[in-house]
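turn this into a model:
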Amino acid sequence: MSTTEYQVTGMTCGHCELSIREEVSQIPGVEEIQVSAQTGKLIVSSASSIDDAVVLAAVDEAGYSAVRSL
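Residues are numbered from 1 along each chain as shown. Purely as a prediction, here's the structure:
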C-alpha cells in the first residue's frame, strides 16, 4: 500500500474536510483518506502510487491548495 501526506491550506472546519474527502475519493485507486482541518493534513492511501498532480488537482477542485509533505 502507498501512503502520501499533503499539507492543505484554507481548511477551517468539518465542512472543509468533507469537501476535500468527496473530491479525493473520486480518484481511482484511493482506498483510504484521512483529512484534518485542525492539523491541515491530508493523508491518502492507495493500493498503488497515485500521481501527486491528480491529488493536488482534486484538492484545488474542492477550493483549497495543498503541497506534498516531505
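
only C-alpha atoms from now on, for both contacts and neighbour counts.
Will do.

now do Val59 against Glu32, distance only.
As judged by CA to CA, to the nearest Å, Val59 and Glu32 stand 15 Å apart.

whoops, Leu18 was the one
Noted for Leu18: a distance of 14 Å to Glu32, by CA to CA.

and Val24, by the same measure?
From Val24 to Glu32 the distance is 10 Å (CA to CA).

so those two - more neighbours on which side?
The residue with more neighbours, out of Val24 and Glu32, is Val24; 23 against 14, by other CA atoms under 10 Å.

with adjacent residues omitted, what lies nearest to the more buried one?
Closest residue in space to Val24, ignoring its immediate chain neighbours: Ala58 at 5.5 Å, by CA to CA, 6 or more residues apart in numbering.

doesn't the one you found belong to a helix?
Yes. Applying DSSP: H, G, I helix; E, B strand; the rest coil, one finds Ala58 inside a helix.

three-state assignment of Gln7?
Here Gln7 is strand, with the state taken from three-state DSSP.

for it, list each beta-bridge partner.
Lys41, Val67 (DSSP bridges).

I'd assumed Tyr64 was in contact with it.
No. Contact criterion CA atoms under 8 Å: Gln7 and Tyr64 do not qualify, at 10.5 Å.

most centrally placed residue in this structure?
Among the residues of the chain, the one closest to the centroid is Leu42, at 4.5 Å (CA atoms, centre = their mean).

what sits closest to that one if chain neighbours are left out?
Ranked by CA to CA, 6+ apart and with sequence neighbours excluded, the top spatial neighbour of Leu42 is Val35, at 4.4 Å.

do the same with Val59
Here the nearest residue to Val59 in space, its sequence neighbours aside, is Ile20; by CA to CA, 6+ apart that works out to 5.8 Å.
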